[in-house]
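[1] Build the 3D model from these lines:
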Amino acid sequence: MREHAENTGSLSAQTSIRALGALYFGKLHRLNNIADRSHSFYGKALVALNSDLQQTEKAWSLSVVKSAMILGLYEFIDCKSTSGWMKHAGGVSKLIEMRGPYRHQTFMDRYMLEGNRVTIALECLIRRKRCFLEHEDWKTVPYELDPGAKTSLNYLHDILCDVPGLVEDVGALKELAQAQGLVDGDADAVRRKRQLELELSQKVLMELKMLYEWRAAWAMENQGGWWEVPSPSSIFPTVIHFKSLMIANGVTIYNAILILLRWIGYQVIGPTFDPAGVYIDVPEGIEYGPLYAPREAPNGQAIAMEICRAVEYHLEEERKSAGGFFLLFPLSVACQVFEPGSREAEWLREVLDKVADSSGFEIGRRFWADGAKHYFSKGGLIS
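    This is a model prediction of the structure:
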């Protein structure tokens, strides 16, 4: 962001940074006059960004993507409703898609892509529409010039980007089932439904296999990177601390994806679906400590609790801003698991309030106020 702030040749860069800086500082220190001043910069940044997008030589530039991303962060903090953030996330998504994977091979371009993938996937999940980042070229082309630059967390994000498409396919399957019910005996509808069920079942099991094998490889790479400590909360006796925020982020993102894939599996395959029955090829002797090993989590609530037990570490003073940001997606998924009014659900509401108060990301509180339930599942608790 510093480089963007120093870009004196771009009005959208200057005004977007000023808007975000004033809002973040004002919110964090409860200085309403400074936070209010950000709205003027925000309006000017939108006008400047729109002007940039009308100019061919600027529209494809990394600077324009940065300005759009910064305004998206602004919406994360100033969130009045999830629709405002989603519009910006959708705009950033479209800009990156139009640039294509080959324009994201340099360090800064690739860094910008990596920094937006989770947000883009989350926006697609909420809309229940597949994500362009699921295509193989978006997972390989940006790393062709520097294959060693792709980290284990990047591979985890590859799996995440596949999930919105699976959610969309679940919706298509339900529509076929309803159509079949309306037109009893429609042989073509029955055939298409069975074919989609088979294809989707195979996809879910393959994604689970990849996710479990990722967990094993990640655990082997980071042995000794997590441990239990006594919990300050009455919800669980211990919490989990980590050697680094990146390791902690890997745990929570993995668990969020696992919850979603399990839900998709039960929707498609039904009660015979067995998340522990997926064959995986992993080395022996990997120590998982207080974390669930692949295939061992008994249910969705146990997985969500593993996310919750990582919260304290994320929100410690020295990392609360970045930690709060990293928690937004995993906590939004964990919210789907617990019954409304349960002590776990109430605890999560308090945590999202704390994230909003301590790190400035108001979208956490807004997410709960808008109805945390059914953002992804739309009609039932995730198992």
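[2] Quick check: which ranges of the stretch 101-250 of the chain have low pLDDT?
    Across the stretch 101-250 of the chain, the ranges flagged by pLDDT under 70 are 179-186.
[3] got the residue ranges for the helices in it?
    Residue ranges of the helices in the stretch 101-250 of the chain, as given by DSSP state H, counting those that start in this stretch, are 107-127, 136-140, 152-182, 187-221, 245-269.
[4] Report pLDDT for the nearest residue to residue 170 once chain neighbours are set aside.
    Using Cβ to Cβ, 6 or more residues apart in numbering and skipping residues adjacent in sequence, the residue nearest residue 170 is residue 267, 5.0 Å away. In this view, the C-beta of every residue, glycine as well, is placed from N, C-alpha and C. At residue 267, the pLDDT value in this model is 92.
[5] for residue 379, same thing?
    For residue 379, the model assigns a pLDDT of 42.
[6] Just confirm residue 109 contacts residue 101, I think it does.
    No. In this structure residue 109 lies outside contact range of residue 101 using Cβ atoms under 8 Å: 9.9 Å.
[7] who touches both of these two?
    Residues touching both residue 109 and residue 101 (Cβ atoms under 8 Å, 6 or more residues apart in numbering): residue 142.
[8] Deepest-packed of the helices of the stretch 101-250 of the chain, please.
    Most buried of those by mean neighbour count (mean count of other Cβ atoms under 10 Å) is helix 245-269; its value is a mean of 23.
[9] Now find how far off-centre that helix is within its chain.
    The chain centre lies 10 Å from the centre of helix 245-269; the measure is Cα atoms, centre = their mean, to the nearest Å.
[10] next SSE after it?
    Using DSSP states H and E, the helix or strand that follows helix 245-269 towards the C-terminus is helix 300-308.
[11] and that next one, average pLDDT?
    Over the span of helix 300-308, the pLDDT mean works out to 96.
[12] okay, whichever helix or strand comes after it in CSV with CA atoms only?
    Using DSSP H and E, the helix or strand that follows helix 300-308 towards the C-terminus is helix 311-314. The C-alpha trace of helix 311-314 is given here as CSV (Å, rounded to 0.1, in the frame of the first residue of the first chain):
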residue,chain,number,x,y,z
VAL,A,311,-9.5,-17.3,17.8
GLU,A,312,-7.6,-16.2,20.9
TYR,A,313,-4.2,-16.4,19.1
HIS,A,314,-5.5,-14.5,16.1
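[13] Touching, the residue nearest to residue 170 and residue 169? I think so.
    No. Between residue 267 and residue 169 there is no contact under Cβ under 8 Å: 9.8 Å.
[14] how close does the nearest residue to residue 296 once chain neighbours are set aside get to residue 293?
    Nearest residue to residue 296 in three dimensions, chain neighbours excluded: residue 276, at 7.3 Å (Cβ to Cβ, 6+ apart). Residue 276 is 11 Å from residue 293, where distance means Cβ to Cβ, to the nearest Å.
[15] who's more crowded, these two?
    residue 293 (15 against 11; other Cβ atoms under 10 Å).
[16] Report the separation between residue 326 and residue 134.
    Using Cβ to Cβ, one obtains 22 Å as the distance from residue 326 to residue 134.
[17] ok, the two, which is more surrounded?
    The neighbour comparison of residue 326 against residue 134 (other Cβ under 10 Å) goes to residue 326, with 22 against 19.
[18] Assign a three-state SS to the more buried one, would you?
    helix (DSSP: H, G, I helix; E, B strand; the rest coil).
[19] got a list of what it touches?
    Contact criterion Cβ under 8 Å, 6+ apart gives 245, 248, 249, 252, 314 as the residues in contact with residue 326.
[20] So what's the residue count around the residue lying closest to the fourth one once chain neighbours are set aside?
    Nearest residue to residue 252 in three dimensions, chain neighbours excluded: residue 330, at 3.8 Å (Cβ to Cβ, 6+ apart). The number of residues packed near residue 330 is 26, by other Cβ under 10 Å.
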